[in-house]
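Chemist: A predicted structure for the sequence below; I have some questions about it.
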Amino acid sequence: MAARHAEIAGAGLSGLMAATRLAQLGWSVRLHERGSELRMFGAGIWLWENGLRSLEAAGALDVAVARAQVIKEWRIADSRGRTLFSRPMTSDDRLLLPPRADLYEALIQRAEKLGVDIVTSSTAIAASPDGTLELESGHRNGADLVIVADGAFSRLREGLLCTASIDYGIEAGIRMLIDRSPGYPDDVCTEYWNDRWRLLYNPCTDGQDYIFLSAPVSDERARQMPIDRDLWREKFPAVADVIERFTEASRWDRLVNVRCRAWSAGNVAIIGDAAHAMPPNLGQAANMAFTNAMSLADAVTPAADIPLALRDWEKRERPLTDHVQRFSYYYGFFLGRWPGNLLALRADVLRVLQSSAWFEQALNRGARHIPAGASGNGSPRHPGDDARRMPAQGGDDRW
């Protein structure tokens, strides 16, 4: 019996995770990337327990975090460095911070080892509920499952009329890697706030730190390239030495929030930023994409009726994703909309929230979620590693 076949549009983190997990479970998988090569933009990335468990189950964890810093605390501080909020980590409630490129390469290696066919310079222009992926080249590829993973501004999602809303928000963000700053702890992420401006300092590797900046999108100086160091020194004098290390190889992005009317249409599933792009305030966008990709693969593999399995998958997974997305959005609202003349009150509110058991549990619900396919004690599970890879069948209709 031939293996079931999946066509995936988008070779970003979510597309690669879905491809890897499906291949582990015996599927034939073709992954399409519109670029001429596989490239990852960005700097560092937060991997919480839910993301780490997903990577472990997929067999990509060791390579992904080989150079990562193990973070012991996430701290919010004011512009003078005084702590307003602290979130500690434990051995079973982890946060690791690798370079994003390391994570990407780990998933590429794992997908290739499992026989995923990765096709570059291949642009998908439409997905049909009957399980057809149409390419710019004119080919129409049939599949048992089509996965849309082409990002927040997904053309394929909109073609299926699955977009509910895209909120461009009020913030712009800049990410970069800088040379390691001596004298700073290598296991504490510190998020400095000054009114509506933010500087997040993250130890990333032994030699590099990951910096994330955010500011009101209306602040032209804050989104200026090259970076206006004078502005950031004015806002955050306590870390002026870090600002001196800012690199020019950085970019700014709008921090968008995407809501879908549905995560599937027939034999088509929508995952990652295409389904639930969220501001990076909780560091959960990729982690939730990983857990949803894992559960998707586990849901459709035994299913006789894939459209029904996809609807059931959304019912199970979407409540948690919606919760994390809301908290990430409200976090940005709390930072960006708070009246400037009441900043002392905001600091007091943060301290009160930190002592609330309800808030602590709600804030960390996504991070502490154990995804489908991952064992409860964190031990790896790699089913299907030795499964025989079957080539796609059917000639041009699958190419």
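Modeler: That came through, no problem.

Chemist: C-alpha from now on. contacts and neighbour counts both.
Modeler: OK.

Chemist: what's near enough to touch the residue lying closest to L255 once chain neighbours are set aside?
Modeler: Spatially, and ignoring its direct neighbours in sequence, L255 is nearest to P279 (5.2 Å; CA to CA, 6 or more residues apart in numbering). Going by CA atoms under 8 Å, 6 or more residues apart in numbering, P279 touches L255, V256, N257, A285, Q325, S328, Y329, G332.

Chemist: likewise for G51?
Modeler: Counting by CA under 8 Å, 6+ apart, G51 touches A286, N287, M288, F290, T291, A367.

Chemist: can you redo those residues as a markdown table with distance to N50 and neighbour count?
Modeler: Listed next are these as a markdown table, based on distance: CA to CA, whole Å; neighbours: other CA atoms under 10 Å:
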| residue | distance to N50 | neighbour count |
| --- | --- | --- |
| A286 | 10 | 21 |
| N287 | 6 | 27 |
| M288 | 8 | 30 |
| F290 | 8 | 29 |
| T291 | 7 | 29 |
| A367 | 5 | 23 |
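
Chemist: helices - which of the residues you listed land there?
Modeler: Among these, the residues falling in helices (DSSP state H) are A286, N287, M288, F290, T291.

Chemist: count the neighbours of the closest residue to the last one other than its chain neighbours for me.
Modeler: In other words, T291. Of all residues not flanking T291 in the chain, P371 sits nearest, at 5.2 Å (CA to CA, 6+ apart). Neighbour count of P371, defined by other CA atoms under 10 Å: 25.

Chemist: cool, the one 3 residues further on as well?
Modeler: Neighbourhood size, A374 [other CA under 10 Å]: 23.

Chemist: just R180 next, same as before
Modeler: 19.

Chemist: next, it: phi, psi?
Modeler: Dihedral pair for R180: phi -50, psi 130, per degrees, to the nearest 10.

Chemist: so how far is T190 from the nearest residue in space to it that is not next to it in sequence?
Modeler: Nearest residue to R180 in three dimensions, chain neighbours excluded: Q208, at 4.3 Å (CA to CA, 6+ apart). As judged by CA to CA, to the nearest Å, Q208 and T190 stand 15 Å apart.

Chemist: repeat for S86
Modeler: In terms of CA to CA, S86 sits 9 Å off from T190.

Chemist: so the two - more neighbours on which side?
Modeler: Neighbours per residue (other CA under 10 Å) separate S86 from T190, with T190 holding more: 23 against 16.
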